[in-house]
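> below: sequence and its predicted model.
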Amino acid sequence: MKLTYSTILMSILTLTACEKAIVPEGDEFSTEKRVVTGSAHLNIITNATNRVGNEMNIVGKIYVFNSEGSCVQVLSSGEESHQFSSQLPADLYTLYAVGAEDLSRFNLPDQEEATPASVISLQAGKKMDDLLMATATVDLASGETLNQNISLEHKVFCLDDIEIRQVPASATRVEISFAPIYSTVCLDGSYPESPTESYKIALTKQADGRTWKAKPSQMMFPSKGKPTIKVSIVTDEATLSYSYTSTELLEANHYFTIVGTYQASQGVQLTGILTSSEWGEDRTITFDIHEDDVTTAYHLEAGQLYNGYYVVSLDKTNKSAVLLAKEKVDYTAPTEDTSEATWKSALEAAMATLEKPSGATGNWRLPTLEEAKIFTNDTKATYFGQSACTPNFFCLDGETLKWAYTRIHGGTHRFESGTGQFSGMMHLRPVIDMKY
């Protein structure tokens with residue numbers, strides 16, 4: 001795809017006074033050849049340069065509207081001639097010029113249906129390219145010669161480079177998206193209110209493991225209002241999403257570069273730089289995204305590990321999970337009063353000192369009998385000794401303190417539990433509830 005910095009459509013409208021001029025067959029003004037007095041001959045020459053200043057080929061169309069608002073002709077230029085030629089009666093005309101290196105990418109209105117509000121859109125399956133447009137009014141009077149220059153304007157901006165730095169090493173995917181973005185443009189150069197679209201692109205991890213980049217060099221119609229920019233950082237455990245509403249528009253006629261830096265305490269700070277060279281004035285936009293803007297979608301699955309914690313169970317309806325402590329917790333076993341109430345107090349005192357995971361609700365607690373059955377049956381959560389038996393773990397059966405374990409007998413896992421005869425050899429492995 002060739003990117004242009006400037007494109008100038010030079011329209012040379014030459015009025016030739018004559019007594020007789022031939023109107024082309026099939027012209028709007030006649031169904032057959034006829035003589036028109038005081039006609040004007042119209043010549044238009046297109047000229048364009050590419051990003052490095054060399055001349056480039058632009059295919060163009062000019063929609064010619066008369067003073068009554070009717071489209072009387074659609075003039076086309078090819079890559080070879082770069083010229084338009086036509087004859088028109090004297091009148092006040094409005095010219096709508098459309099140019100691109102490849103106009104076949106776009107859906108353009110036919111002459112019969114063309115109005116200033118006609119929509120130009122990208123064809124399905126095509127990639128957006130540079131699109132240039134302009135409007136001019138010319139008053140063609142009989143017997144005079146008029147030269148008119150038209151400077152085309154870029155109706156798209158280019159998303160050139162994206163870079164997010166200091167991304168957590170655990171990230172497996174990084175994406176950035178923009179919305180809302182206009183999806184069409186009118187023949188008169190305005191943008192319809194709807195429909196709009198969003199643009200999303202995945203970045204690629206660099207060799208340092210902490211930098212993610214993309215170079216889309218993607219042309220897009222400008223944003224509708226101040227866009228929302230969203231950065232998603234995906235890890236095995238969660239998707240961290242940072243959203244920010246820009247303080248400025250993403251306007252056409254600019255090159256757009258984004259550089260962002262992830263900071264654990266602030267989220268992602270984005271610096272967007274609009275560079276334009278000959279397209280338009282240089283512009284810098286800074287995006288600061290803080291921790292308050294973060295939403296987290298956890299990748300939780302029962303029986304799997306989340307951030308080092310074993311997920312005992314998952315309630316997708318209420319968006320809650322039960323996590324198992326990473327390791328057994330040390331406690332002081334009662335020596336004199338060995339009642340169940342004393343044992344509970346000793347275990348609760350030990351659990352109160354354990355750090356809680358992010359998103360936890362409530363406090364660490366003893367697992368239920370059913371929860372103990374789940375994690376003692378899974379080698380991802382506990383271990384079986386040489387006797388093919390797990391340690392004894394404290395748990396609750398209703399309000400009753402019990403011990404429980406799982407042993408392998410004849411290749412079958414058997415869960416056992418009981419009460420009384422507690423000892424300091426039994427393991428305390430609490431669980432905690434977490435919202436996500």
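Noted; the coordinates are in hand.

> low-scoring stretches of the stretch 51-200 of the chain, by residue?
For the stretch 51-200 of the chain, applying pLDDT under 70 flags the ranges 51-57, 78-85, 143-148.

> all strands of it, in order?
Along the stretch 51-200 of the chain, the segments classed as strands by DSSP state E, counting those that start in this stretch run 59-65, 71-76, 83-89, 91-100, 106-107, 119-122, 132-140, 148-151, 153-154, 157-165, 173-182, 184-186, 196-202.

> quick one, the last one and strand 173-182 angle?
What that stands for is strand 196-202. Angle of strand 196-202 versus strand 173-182, following axes from the mean of the first three to the mean of the last three Cα atoms, to 10 degrees, is 160 degrees.

> next one: the second one
Following the same axes, to 10 degrees, one obtains 140 degrees for the angle between strand 71-76 and strand 173-182.

> can you tell me which helices and strands strand 71-76 packs against?
On a contact count with 3 or more Cβ pairs under 8 Å, 6 or more residues apart in numbering; DSSP states H and E, strand 71-76 meets strand 59-65, strand 83-89. All C-beta atoms are positioned from the backbone trio N, CA, C, and that covers glycine.

> pull out the buried residues from that strand.
Across strand 71-76, burial judged by 16 or more other Cβ atoms under 10 Å covers 71, 72, 73, 74, 75.

> leaving out chain neighbours, which residue sits closest to the fourth one?
Meaning residue 74. In this structure, residue 74 finds its nearest non-sequential neighbour in residue 111, 4.6 Å apart by Cβ to Cβ, 6 or more residues apart in numbering.

> do the same with the third one
Setting aside the residues directly before and after it, residue 73 is nearest to residue 64 in space (Cβ to Cβ, 6+ apart), at 4.5 Å.

> check contacts around that neighbour.
By Cβ atoms under 8 Å, 6 or more residues apart in numbering, the residues touching residue 64 are 71, 72, 73, 74, 75, 86, 88, 93, 94, 95.

> from those residues, which two are the most distant?
Longest distance between any two of the contacts of residue 64 is 14.9 Å, between 86 and 94; criterion Cβ to Cβ.

> any idea how far residue 119 is from the residue nearest to residue 74?
Distance, residue 111 to residue 119, by Cβ to Cβ, to the nearest Å: 15 Å.

> kindly report the same for residue 373.
For residue 373, the distance to residue 119 - Cβ to Cβ - is 63 Å.

> once you drop chain neighbours, what's closest to the residue positioned nearest the centre of the chain?
Central residue of the chain (Cα atoms, centre = their mean): residue 177, 1.5 Å from the mean position. Among residues not flanking residue 177 along the chain, residue 200 sits closest, at 4.0 Å (Cβ to Cβ, 6+ apart).

> thinking again about what came up before, more neighbours: residue 373 and residue 119, which one.
Neighbour count, other Cβ atoms under 10 Å: between residue 373 and residue 119, residue 373 has more, with 18 against 15.

> touching, that one and residue 413? I think so.
No - using Cβ atoms under 8 Å as the test, residue 373 is too far from residue 413 to be in contact (9.5 Å).

> okay, and the common contacts of these two?
residue 406.

> related to what we said a few turns ago, which one of the helices and strands packed on strand 71-76 lies closest to residue 312?
Among the helices and strands packed on strand 71-76, strand 59-65 sits nearest to residue 312 (Cβ to Cβ), with 64.9 Å.

> give me the sheet partners of that closest one and which way each runs.
Each strand paired with strand 59-65, and its direction, by DSSP bridges: strand 71-76 (antiparallel), strand 91-100 (antiparallel).

> can I get it in PDB, CA atoms only?
Extracted in PDB, the C-alpha atoms of strand 59-65 (Å, rounded to 0.1, in the frame of the first residue of the first chain):
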ATOM      1  CA  VAL A  59      -7.100   7.200 -10.100                       C
ATOM      2  CA  GLY A  60      -9.900   9.800  -9.700                       C
ATOM      3  CA  LYS A  61     -13.500  10.500 -10.300                       C
ATOM      4  CA  ILE A  62     -15.300  13.800 -10.400                       C
ATOM      5  CA  TYR A  63     -19.000  14.000  -9.800                       C
ATOM      6  CA  VAL A  64     -20.400  17.100 -11.600                       C
ATOM      7  CA  PHE A  65     -23.600  18.600 -10.100                       C
END
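
> which secondary structure element contains the residue nearest to residue 376 when sequence neighbours are not counted?
Once flanking residues are discounted, residue 376 sits nearest to residue 406: 4.0 Å by Cβ to Cβ, 6+ apart. Following DSSP states H and E, one finds residue 406 within strand 400-409.

> roughly how far out does that strand sit from the chain middle?
50 Å (Cα atoms, centre = their mean, to the nearest Å).

> for stretch 102-109, same thing?
The answer for stretch 102-109 is 26 Å, by Cα atoms, centre = their mean.

> SS state for the residue lying farthest from the centre of the chain?
Going by Cα atoms, centre = their mean, the residue of the chain most distant from its centre is residue 336, 64.4 Å out. Secondary structure for residue 336, judged by DSSP: H, G, I helix; E, B strand; the rest coil, is coil.

> next one, pLDDT for it please.
The model reports residue 336 with a pLDDT of 84.

> can you check the one 4 residues further on too?
The predicted local confidence for residue 340 comes out at a pLDDT of 93.

> residue 308: neighbour count?
Neighbourhood size, residue 308 [other Cβ under 10 Å]: 10.

> that one reaches residue 327, doesn't it?
No - using Cβ under 8 Å, residue 308 is not in contact with residue 327, being 9.8 Å away.

> about what we covered before: quick one: which of the contacts of residue 64 is nearest residue 389?
residue 74 (86.1 Å).

> list the beta-bridge partners for that closest one.
residue 63.

> next up, the contacts around residue 111.
So residue 111 contacts 63, 71, 73, 74 (Cβ under 8 Å, 6+ apart).

> any idea how far the third one lies from residue 114?
In other words, residue 73. Taken as Cβ to Cβ, the span from residue 73 to residue 114 is 10 Å.

> what is in contact with these two at once?
Shared contacts of residue 73 and residue 114 (Cβ under 8 Å, 6+ apart): residue 63.

> which parts of the longest helix out of those in the chain are buried?
When the chain is parsed with DSSP state H, its longest helix is helix 340-351. Neighbour counts using 16+ other Cβ under 10 Å place 343, 346, 347, 350, 351 of helix 340-351 among the buried residues.

> ditto for stretch 421-428
Of the residues in stretch 421-428, those buried (16+ other Cβ under 10 Å) are 422, 426, 427, 428.

> great, nothing more from me.
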